[in-house]
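Engineer: Here is a sequence together with a model predicted from it:
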Amino acid sequence: MKKIITLILAITMLLAMGASLTSCFGGGEIYVQTNAYFAPFEYYNGTDIVGVDIEIMEKVGQKMGKDVVWTDGDFGIIIDTVAEGKTADCGAAGLTITPERSEKVDFSDPYYTSIQYVILPAGSDVETKTADGTTYIVWEALAGKTVATQTDTTGWIYADAEIDGEGGVLYGTNTKHEAMDSANVAAEALGTTIDAIIVDELPAQYIVSNSTKGFVCYPLYYSGAEGEADEPVIEHYAIAVTKGNTELLNAINEVLAELLVEDANGQTEIEKMVMAHMGMN
Amino acid sequence: MISVKNIIKTFEDGVTVLKGVDCEIKKGEVVAIIGPSGSGKSTLLRCMNLLCVPTYGEVWLKDSLLTPVDPYLHTEVIEASNTYKKLIAEGMDGSEAIKKIKAEDLLKEKFSSAEGKAYKAEIKKIYNESHIDINLARQRMGMVFQHFNLFNNLTVMENLTLAPTQLKLKTNEEAEQIAMTLLKRIGLEDKADVYPSTLSGGQKQRIAIVRALAMNPDIMLFDEPTSALDPEMVGEVLDLMKQLAGEGMTMVIVTHEMGFAREVADKIIFIDEGIIKEQGTPAEIFGNPKDARLKDFLSKVL
Amino acid sequence: MNFFNSIGVLITNEKYMGMLFEGLGTTLLISVFAALLGLVLGTLVAIVGISGDSPIMKLPKLICKLYVTIIRGTPMALQLFIMAYTIFAIRGFPKEITAIIAFGINSGAYVSENIRAGILSVDIGQTEAGRALGLNGKTTMVKIVIPQAIKNVIPAIGNELIALIKETSIVSMIGMYDLTQAAKVIGAGNNMASYVVPMSVAACFYLAIVYLLTFAIKKIEGKLRAGDKR
């Protein structure tokens, strides 16, 4: 019996040690937390994680002379993981800057501006509007529909505010909001149990261009006030860094600055990366 | 050989099956315990090797104490207690104080420190002088069960050799030799390598008896050894027990076989409602019973 | 038609099948070691649970009871999350170990209940006979009771193993590349852009493992029961 007690104590201690061992592993690496279902920024190619964010962080690693270690996981835990700083130095996952997130982590300079898009199944009856040669959808057009987003992404945050939140554009209009594991999963049900998916521009175009079911996508706009133009739902991507890690933050910002310089054609390095990963170069 | 002193056994459900039993088993004696079902006779037997732990009282094997010390059984312990000292201080006579403490169960916190250091020291003294580990004591006390309880996962041979070898009393070879001799004695040497599930009840019980004998015990306890047997198999088991008795083995037998008890036992203990109502030689018990319950019982079973 | 065509496309695609087998490796790795850990842990907890009421066992018993209650009363996904992001929140710590420990601890709680029931199903007379011969509790347990309990327990343990293997599919939540993750990646936009097909193929993999396991358990059970004709 004593042996059993000893063993139980040993296990308990091992678990407790887990917390204190934090600093024993690693040293010359940058640990990056991501969620690899967000092409073209991060996605699996076979068993490797690739994408725009990966290329950016590789450059940061080169600049600092460190290896970059990627950890894939739930999108929802990225900010907390980076904020704690135990298992990650930074998070790169097409993270949109929001005030709430900024309280927990330091954001790099924004490196990409994305518009929220709506993916519709073929033959959808959701009304589109056209102005200045751009076809788009306003929130009001989604009234009464079942709208899917990926949990905790910006699309989800917007939908949560505008559909489920009191005072939201679609609050009380019998519009349903379903939070899914990923936009890819939502796409599986689009046209059957789901009427529309709200997701960032590039993943939306990615899903549409790879779809065999005739999906279409349009930017999502807020209706302008009387006499004013409708406004797109815009967001800025940045890399989240554990608060206080200025060395890494500065290195990231330096790399981003280099990548955001426009060439003779007015194209930035990041735009080229995006095109390459979208298969559009 | 075995002394049972004022055993009280209360089960978890609050039923008291033994209400103060004293008895003495002498070396070489064959004692039969009889009584109606539910009288506590099996519990008494099981208390002797502590398969059943008495709530109060003590069990001794020769000079060795098997149970914890029961303070009520030791005047010097009671006299060392705070309760006793308090009664004396109140002007009570010593022997009366002891009587009162026993009668009213005043040493409520028997094993706590509430009764004082001296009291604890007395208990510890007796314990250190006399107590032996129950596993050691059991090696000297063979037990035979109503339902045989042969180890189903082991062959007959392994049943006989497991304890001697596990306890490092014998080497494998020695244990197997002894086992073979014992099996030959009961004419079952050809069953050495079979599993118990293939044996008849009578064979199982005889093997259970020699399994106990393989430990070379000083005393054998039998708990209704023939009650679960078909009638035609009772004889073979009783014959083996008679042989043992004839060889001078000390035996305690809980049984319903009155004929056997009368023939083989040196002493009969009649127990009913948790107390020993009468004890004596077979001639006394069967020929001239005094207790009304014993008379009633005998009229039903004979 | 479209569905079966797509299945054909997948299983003839070397890259996709390689991904599935890679994932299968992780699934098996986690399952096998978690099952072993669960068996050891479950046996220990079961033994503590059925041991006598001596004062020294009070605390271990309480711990074991708490362990079984908490583990069985909370979702596996949550346990995995806590294990990955709180207890083993150590950079560079192998996720395989995190997952093995999380699933082993989870499985142990269920296994302990199975084993406890198995041990209790062994006639108390077996223990008494062992103890009456002077064997201590541990020897009696190890030499007599557990061997007899095992064959009573095998079917229930088998069920637990099957449940465990399928439950490991949630490790993709912490970004592990198991069979389910492989199917998800194949289903992602940059590959087949359809979840149903790779998920179905992955399901066949799970089915095959479970079938083989069921077969093996039946064999073991038959062997163990061969000795007890009555």
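Structural biologist: Received the coordinates, thanks. Numbering: from 1, shown residues only, chains lettered A, B, ... in the order given.
Engineer: Check the offset of the top helix by length along chain C from the chain's centre.
Structural biologist: Taking DSSP state H as the criterion, chain C has its longest helix at helix C:14-50. Here helix C:14-50 is found 6 Å from its chain centre; the criterion is C-alpha atoms, centre = their mean, to the nearest Å.
Engineer: Give me the mean pLDDT for the next helix-or-strand element following it.
Structural biologist: Next helix or strand after helix C:14-50 toward the C-terminus (DSSP states H and E): helix C:58-73. Mean pLDDT, helix C:58-73: 93.
Engineer: And the pLDDT for the nearest residue to residue C:115 once chain neighbours are set aside?
Structural biologist: Excluding the flanking residues, the one nearest residue C:115 by C-beta to C-beta, 6 or more residues apart in numbering or on different chains is residue C:46, at 3.9 Å. The C-beta positions use only the backbone N, C-alpha and C, and glycine is treated the same way. We have a pLDDT of 90 for residue C:46.
Engineer: And for residue C:193?
Structural biologist: 69.
Engineer: do residue A:2 as well
Structural biologist: Reading off the model, residue A:2 has pLDDT 55.
Engineer: Tell me where the chain is predicted with low confidence.
Structural biologist: All of this is about chain A. Within chain A, the segments meeting pLDDT under 70 span A:1-27, A:280-281.
Engineer: could you do chain C instead?
Structural biologist: Looking at chain C by pLDDT under 70, you get C:1, C:189-190, C:193, C:226-230.
Engineer: Need the residue closest to the centroid of chain A.
Structural biologist: Central residue of chain A (C-alpha atoms, centre = their mean): residue A:94, 3.9 Å from the mean position.
Engineer: List the buried residues for the longest helix of chain C?
Structural biologist: C:16, C:19-20, C:22-24, C:26-27, C:30-31, C:33-35, C:37-39, C:41-49 (16 or more other C-beta atoms under 10 Å in any protein chain shown).
Engineer: Next, the angle helix C:58-73 makes with it.
Structural biologist: For helix C:14-50 against helix C:58-73, the angle by axes from the mean of the first three to the mean of the last three C-alpha atoms, to 10 degrees is 140 degrees.
Engineer: For helix C:14-50, name the packing helices and strands.
Structural biologist: helix A:2-20, helix C:2-11, helix C:58-73, helix C:95-120, helix C:146-167, helix C:179-187, helix C:196-225 (3 or more C-beta pairs under 8 Å, 6 or more residues apart in numbering or on different chains; DSSP states H and E).
Engineer: Same list as before, the ones you listed that is, but in TSV and with distance to residue A:108 and mean neighbour count included.
Structural biologist: Putting these into TSV (distance: least, C-beta to C-beta, whole Å; neighbours: other C-beta atoms under 10 Å in any protein chain shown) gives the following:
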stretch	distance to residue A:108	mean neighbour count
helix A:2-20	29	13
helix C:2-11	39	13
helix C:58-73	40	15
helix C:95-120	27	22
helix C:146-167	38	19
helix C:179-187	27	27
helix C:196-225	35	15
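Engineer: Kindly reformat the ones you listed as CSV containing distance to residue B:90.
Structural biologist: What follows is the helices and strands packed on helix C:14-50, written out as CSV (distance: least, C-beta to C-beta, whole Å):
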stretch, distance to residue B:90
helix A:2-20, 47
helix C:2-11, 95
helix C:58-73, 39
helix C:95-120, 53
helix C:146-167, 58
helix C:179-187, 80
helix C:196-225, 69
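Engineer: Nearest to residue B:69, out of these?
Structural biologist: Proximity to residue B:69, assessed across the helices and strands packed on helix C:14-50 by C-beta to C-beta, is greatest for helix C:58-73 (23.2 Å).
Engineer: Now the element after the closest one, going C-ward?
Structural biologist: Beyond helix C:58-73 on the C-terminal side, the first helix or strand identified by DSSP H and E is helix C:76-82.
Engineer: buried sites along that next one?
Structural biologist: Under the neighbour-count criterion of 16+ other C-beta under 10 Å, helix C:76-82 has C:76, C:79, C:80, C:81 buried.
Engineer: closest to chain B among these?
Structural biologist: Using C-beta to the nearest C-beta, residue C:76 is the member of the buried residues of helix C:76-82 that lies nearest chain B, at 34.8 Å.
Engineer: Looking at residue B:94 now. What's its pLDDT?
Structural biologist: 84.
Engineer: check which helix or strand covers the closest residue to it other than its chain neighbours.
Structural biologist: Here the nearest residue to residue B:94 in space, its sequence neighbours aside, is residue B:88; by C-beta to C-beta, 6+ apart that works out to 6.7 Å. If you go by DSSP H and E, residue B:88 is part of helix B:82-89.
Engineer: Quick one: mean pLDDT over that helix.
Structural biologist: 86.
Engineer: residues in contact with the helix or strand just after that helix?
Structural biologist: Reading on from helix B:82-89 to the C-terminus, the next helix or strand found by DSSP H and E is helix B:94-104. For helix B:94-104, the external contacting residues (C-beta atoms under 8 Å, 6 or more residues apart in numbering or on different chains) are B:72, B:75, B:78, B:79, B:81, B:83, B:84, B:87, B:88, B:92, B:106, B:107.
Engineer: Close to chain C: what parts of the stretch 101-250 of chain B are there?
Structural biologist: Along the stretch 101-250 of chain B, the residues adjacent to chain C under the rule C-beta under 8 Å from any C-beta of the partner chain are B:135-139, B:141-143, B:145, B:147, B:149-154, B:162-163, B:166-167, B:195, B:197-198, B:208, B:211-212, B:215.
Engineer: Enumerate every residue touching the residue nearest to residue A:277 when sequence neighbours are not counted.
Structural biologist: Of all residues not flanking residue A:277 in the chain, residue A:40 sits nearest, at 3.3 Å (C-beta to C-beta, 6+ apart). Contacts here follow C-beta under 8 Å, 6+ apart; on that basis residue A:40 touches A:51, A:52, A:202, A:203, A:206, A:273, A:274, A:277, A:278.
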